[in-house]
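I would like the atomic coordinates for the input below:
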Amino acid sequence: MTTQHPLPRIPLDELRQEIKKEYACVALEPDKGYHFHTGRRAANLLGYDDNLYAGLPEANIASFAGTGNPFSVGPIHPGETVVDVGSGAGFDSLITSRLVGPSGRVIGFDMTPEMLSKAQAGATAMGATNVEFREGLAESLPLPDNYADVVISNGVLNLTLDKTETLREWFRILKPGGRLQIGDILVEHPVPADAMEDISLWTG
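This next block holds a predicted model:
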């Protein structure tokens, strides 16, 4: 039995524009200071093994703004196809490109042009030809059914209005037996309606 929760009364287009604005700033000014941790500090707090991101371009590390560690959920295997939903500056995607190796493939989706540009520049700097970055929305991924062995995501599900529909979309692109490995924010107590509908609280 599933419990249906009313969706916040926030204009979706307005929410997306505010999120884009915030993360464009993280891409361009990673050291500005935000209400969330970024860069190496964030990675260390979230339990990333230093060896996972050793040698990644500093620019891509600096703009990392995840809320969890999808690699703590389970391993990524050589040869797998992995989709990174909300790939940001490419931190997790670039790590994954190493884990899947030359026979694997990684596709990162993000809706913020500045993040996409930074992620692609990082892949080019690393010579990583098995990873690509595309514009896309977490709730509507331009991929066929049963496409990915693994879907990873880091701090993106909490930014979507309809989480049930978003998760359905992620499961749609997974192959039978595929894995969902996400790091995100869990709230243990009910969120007041006025807070749910305060768009400023959604942008991080």
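
so which elements touch the lengthiest strand in the chain?
Longest strand of the chain, by residue count under DSSP state E: strand 174-183. Contacts defined by 3 or more Cβ pairs under 8 Å, 6 or more residues apart in numbering; DSSP states H and E place strand 174-183 against strand 148-154, helix 163-173. Glycine gets a C-beta too; all of them are placed from N, C-alpha and C.

would you list those in JSON lines and tack on mean pLDDT, mean neighbour count and distance to residue 121?
Output for the helices and strands packed on strand 174-183, formatted as JSON lines (pLDDT from 0 to 100; neighbours: other Cβ atoms under 10 Å; distance: least, Cβ to Cβ, whole Å):
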{"stretch": "strand 148-154", "mean pLDDT": "98", "mean neighbour count": "25", "distance to residue 121": "20"}
{"stretch": "helix 163-173", "mean pLDDT": "96", "mean neighbour count": "16", "distance to residue 121": "26"}
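
residue 127 is nearest to which of these?
strand 148-154 (21.8 Å; Cβ to Cβ).

and that closest one with strand 174-183, angle?
Going by axes from the mean of the first three to the mean of the last three Cα atoms, to 10 degrees, strand 148-154 is angled at 20 degrees with respect to strand 174-183.

what sits against the residue sitting nearest the centre point of the chain?
The residue lying closest to the centre of the chain (Cα atoms, centre = their mean) is residue 86, at 3.3 Å. Going by Cβ atoms under 8 Å, 6 or more residues apart in numbering, residue 86 touches 109, 110, 138, 153, 154, 155, 156, 159.
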